[in-house]
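Chemist: Sequence first, then the predicted structure:
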Amino acid sequence: PGAPKPDPIVVAHGIKRQFGGLTAVDVEHVEIQRGKITALIGPNGAGKTTFFNLLTGFDRPNEGDWSFNGQSLAKVPAYRVARMGMVRTFQLTKALGGMTVLENMLLGAKGQKGENILTSLIRPLWSKEEESIENRAIRLLEKFKLDTKKDDYASSLSGGQKKLLEMARALMSEPELVMLDEPMAGVNPALKQSLLGHVKSLRDEGRSVLFVEHDMDMVRDISDWVIVMAQGKVIAEGPPDTIMGDQRVIDAYLGAHHDTVLDFEEEEKILAAAQAELDNLAEERESENE
């Protein structure tokens, strides 16, 4: 684990996150290769989503350094991380049900002149840009076969369609790195193939992809590289076929070693402590914005 890559887009070193004295993430060193599809796998409670949250600014580590395109992300808030070109989706989709599909897409565009109080007063400065953004949104909806739903409320979409919408919206900011948290969770078989194709197309377009997934068939099918976590640590990494036969990985999933997989009681403690920490973090950010 921790093998250097020829052209990493993300480098994380010494990342540690503790909740109430329990260590959820303890990553010594990991690099994400540019232009490749990298899978992040591991048993439940391995720390995958927590690691995602740390990389993207939705949570803060107790210690460690991590960078994107050579720029440190320490203390960079999530919205700025997204503006820098690293965007993510969530295990539970974040589509705004009270807005239309098209309106959800428009929210994903970055640096809109209409958001600035000065330029918003001068219509010619932003009206043409607004038209361009809407056209891009419609093209993406066509690509994801959601264009016929553009005027429907997002709440009317199926779970799989919401996953497609979230991925399409992420592309509105034209990111370099797309991070997907369990993109196949709750998706029916008919839409799975569509999602797989879209993930592959991200790589074909020159983007980098890092995704968390439990579907091993998907991992084997589309991944160029696989990173395995267990009990907060990276225990193995390599090509999919090599990883699937790695005894350390097999042991982690089967629980052959009691120190590899968190038991349910410890996992519940970590989740409870994590929620308390995140609530405190939210309060801190609210006070900072006041």
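Modeler: It's in.

Chemist: Poorly predicted segments of this protein, please.
Modeler: 91-92, 111-129, 254-290 (pLDDT under 70).

Chemist: residue ranges of the helices in it, please?
Modeler: 48-55, 78-84, 101-107, 123-143, 159-171, 189-204, 216-222, 240-244, 247-254, 264-289 (DSSP state H).

Chemist: for those, which one sits closest to Gly232?
Modeler: helix 48-55 (7.8 Å; CB to CB). In short, each C-beta sits where N, CA and C put it, glycine included.

Chemist: which residues touch the nearest residue to Ile32 once chain neighbours are set aside?
Modeler: Spatial nearest neighbour of Ile32, chain neighbours left out: Val10 (4.0 Å); criterion: CB to CB, 6 or more residues apart in numbering. Contact analysis of Val10 by CB atoms under 8 Å, 6 or more residues apart in numbering lists 31-32, 55, 66-68, 86, 177, 210.

Chemist: circling back: Lys149: which of the helices of the chain is closest?
Modeler: Taking the helices of the chain one by one with CB to CB, helix 101-107 is closest: 4.9 Å.

Chemist: With only the CA atoms kept, save the closest one in CSV.
Modeler: Extracted in CSV, the C-alpha atoms of helix 101-107 (Å, rounded to 0.1, in the frame of the first residue of the first chain):
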residue,chain,number,x,y,z
VAL,A,101,-34.5,18.4,-13.0
LEU,A,102,-33.2,21.2,-15.1
GLU,A,103,-33.0,23.6,-12.1
ASN,A,104,-31.0,20.9,-10.2
MET,A,105,-28.6,20.9,-13.0
LEU,A,106,-28.1,24.6,-13.1
LEU,A,107,-27.1,24.6,-9.5
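
Chemist: by contact count, what packs against it?
Modeler: For helix 101-107, the packing partners by 3 or more CB pairs under 8 Å, 6 or more residues apart in numbering; DSSP states H and E come out as helix 123-143, helix 159-171.

Chemist: Deepest in the core, which of those helices is it.
Modeler: helix 159-171 (a mean of 22; mean count of other CB atoms under 10 Å).

Chemist: tilt between it and helix 189-204?
Modeler: Per axes from the mean of the first three to the mean of the last three CA atoms, to 10 degrees, the angle that helix 159-171 makes with helix 189-204 is 20 degrees.

Chemist: quick one: contacts of helix 159-171?
Modeler: Contacts for helix 159-171 (CB under 8 Å, 6+ apart): 87-90, 93-95, 101, 104-105, 107-108, 140-141, 143-146, 149, 154, 157, 178, 180, 183, 186-188, 190-192, 194-195, 198.
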